[in-house]
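Q: give me a 3D structure for the following:
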Amino acid sequence: MGKFDKYKIDLKGMTADSLKYEFVLDNLFFANIDGPEVQRGKVNVELVVKKSSHAFDFHFQTDGMVYVPCDRCLDDMEQPITSTDYLRVKFGEEYSEEDDNLVVIPEDEGVINVAWFMYEFVALAIPMKHVHAPGKCNKAMSSKLSKHLRTTPDEDDDFAEDDFEEEDSSMTDAEEEMKIDPRWADLKKLLDNN
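A: Below is the predicted model:
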């Protein structure tokens, strides 16, 4: 028995008009599928397959928790996910994915494995930005990050403050204007005219 055999849906042998499946995607599932976005989690997927005269409609309801690295401190964090997804499956000559929602499977096989589709739905449900709640980030990493962030000129330790002021005071207005990027100079002229 293969790793993903329990995720196979036999469409050719389907006698009822509608079938309901429930899957739990756990750490073992994510480790076996070896996808880059998610390595751990626990996600419940409810799949309803409805048969029509020409195709099969798959409705996926996905709810659960995955672990992803925090964008700030890189420690793993819990990320709740939920999604509702749709897939249409038809019989044909050979396997193909014609667009995002339509899959053609060989009629002589009549079986589709939904493991990778469920993984993709989970990965797509993860928000682009994922960070810990305020105060929950790794304190050591946060302090290193804030040490290397420079938001104002006086926070930079590389320049002595006195040297910086001397350099600025010795510049004439003409020299200062020369330092301005020429692309911004035209915008500055517009502001000065108004």
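Q: going forward, measure contacts and count neighbours with C-alpha atoms only.
A: OK.
Q: show the contacting residues for the closest residue in space to residue 48 that isn't next to it in sequence.
A: Spatial nearest neighbour of residue 48, excluding adjacent residues (C-alpha to C-alpha, 6 or more residues apart in numbering): residue 20 at 4.5 Å. The neighbours of residue 20, taking C-alpha atoms under 8 Å, 6 or more residues apart in numbering as the test, are 46, 47, 48, 49.
Q: what's the closest of these to residue 70?
A: Of all the contacts of residue 20, residue 70 sits closest to residue 46, with 28.0 Å by C-alpha to C-alpha.
Q: related to what we said a few turns ago, distance of the residue nearest to residue 48 from residue 103?
A: Look at residue 20 and residue 103: by C-alpha to C-alpha, to the nearest Å, they are 19 Å apart.
Q: swap in residue 72?
A: Distance, residue 72 to residue 103, using C-alpha to C-alpha: 38 Å.
Q: more neighbours: which of these two?
A: More crowded of residue 72 and residue 103, by other C-alpha atoms under 10 Å: residue 103, with 19 against 15.
Q: report all helices and strands that the host helix or strand of that one contacts.
A: With elements taken from DSSP states H and E, the one containing residue 103 is strand 102-106. Counting contacts by 3 or more C-alpha pairs under 8 Å, 6 or more residues apart in numbering; DSSP states H and E, strand 102-106 is packed against strand 76-92, strand 96-99.
Q: hey, which of those strands is tucked in deepest?
A: For the helices and strands packed on strand 102-106, the largest average neighbour count (mean count of other C-alpha atoms under 10 Å) is found in strand 76-92, namely a mean of 17.
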